[in-house]
Structures are given as structure tokens and as C-alpha cells.
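[1] here's a sequence, model it:
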Amino acid sequence: VHVVESGGGSAQPGGSLRLSCEISGEWKMMYHMGWYRQAPGHGRELVARINNRGVPEYAQIAKGRFTVSFGSAGHMVLLGLNDLNTADTAVYYCNLEAIVRAMSDGPTNFWGQGTQVTVSA
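    The predicted structure follows:
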């Protein structure tokens, strides 16, 4: 499984960015595709994810500002970031949680390399 993020960059407070993630490979069943982030000196935290029925889940930090969705082609997951503030500065990681072989093995998490989002005036 390969997870590749794109779309990070810089924005001013109040600005917007859109992150994309393309996931390739084989798995038996997907549980979630989504986004996590890690700011300097902090642990990795959930931002938003979407399950295999297309139902999104948002962390409190993302509600009302960010939108997670599937892309229109292939296995893609998108994250729209709106009304950004400096606290959103972090490396954003795309995640696939999936059953790879047998249900009895439980889910495996796959991660991309991360894409930097920097919000500054």
C-alpha cells in the first residue's frame, strides 16, 4: 500500500488550502481514510476521516472549517481547509485504516510521508 499526499503549502490567517491523498495497493476492506496532523512538540492527532460508507468524522479542531471527502477517481481522499489560523500549522498525514488479509488480523494503519501546512501573516 502506498499513500501519497499533495497540496500543502503556505496560507495567511483566514485563508484556504486543499490537500489531496492518493492511495494505491490492495486491501480486503477499508475502515477509514482520513487525515491526521502533528505540530512541533505535539503528538499526532486526528483531523478528519471518512468511513467506508462515506460518513465523515471530524475532530473538534476541524468542525465547521475543514471538509473531508472522497476524490472522484481511484482511492483518493481530500481535505479542504478553510478559515485557517496559525494553530493549524503542522505536518498533515494521510491515513488508511484497513483490513489487509483476514478480518481476524484486525486493521492495519498506513501513512503517507506528510505534507507541511504553514499559516502565518
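
[2] and residue 65, how far from residue 85?
    Residue 65 sits 9 Å away from residue 85, taking C-beta to C-beta, to the nearest Å as the criterion. Glycine gets a C-beta too; all of them are placed from N, C-alpha and C.

[3] quick one: secondary structure of the residue lying farthest from the centre of the chain?
    The centre of the chain is farthest from one residue, residue 104, which by C-alpha atoms, centre = their mean lies 26.0 Å away. Following DSSP: H, G, I helix; E, B strand; the rest coil, the label given to residue 104 is helix.

[4] and the most centrally placed residue in the chain, helix, strand or coil?
    Centroid-nearest residue in the chain: residue 35, 1.8 Å away (criterion: C-alpha atoms, centre = their mean). Put simply, residue 35 is strand when judged by three-state DSSP.

[5] how near is it to residue 117?
    10 Å.

[6] for residue 46, same thing?
    15 Å.

[7] comparing those two, which shows the higher neighbour count?
    residue 117 (22 against 17; other C-beta atoms under 10 Å).

[8] partners of the one helix or strand that one maps to in the sheet?
    Assessed by DSSP states H and E, residue 117 sits inside strand 115-119. According to DSSP bridges, strand 115-119 forms sheet pairs with strand 9-11 (parallel), strand 90-99 (antiparallel).

[9] chain center to it: distance?
    Between the centre of strand 115-119 and the centre of its chain there are 13 Å (C-alpha atoms, centre = their mean, to the nearest Å).

[10] quick check: mean pLDDT of it?
    Per-region confidence: strand 115-119 scores 98 on mean pLDDT.

[11] list the buried ones in that strand?
    Going by neighbour count (16 or more other C-beta atoms under 10 Å), the buried part of strand 115-119 is 115, 117, 119.

[12] who are the neighbours in contact with the last one?
    In other words, residue 119. 10, 11, 12, 13, 15, 84, 85, 86, 87, 88, 89 (C-beta atoms under 8 Å, 6 or more residues apart in numbering).

[13] can I get those in TSV including pLDDT?
    As requested, these are exported to TSV (pLDDT from 0 to 100):
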residue	pLDDT
10	98
11	98
12	98
13	98
15	98
84	98
85	97
86	97
87	97
88	98
89	98
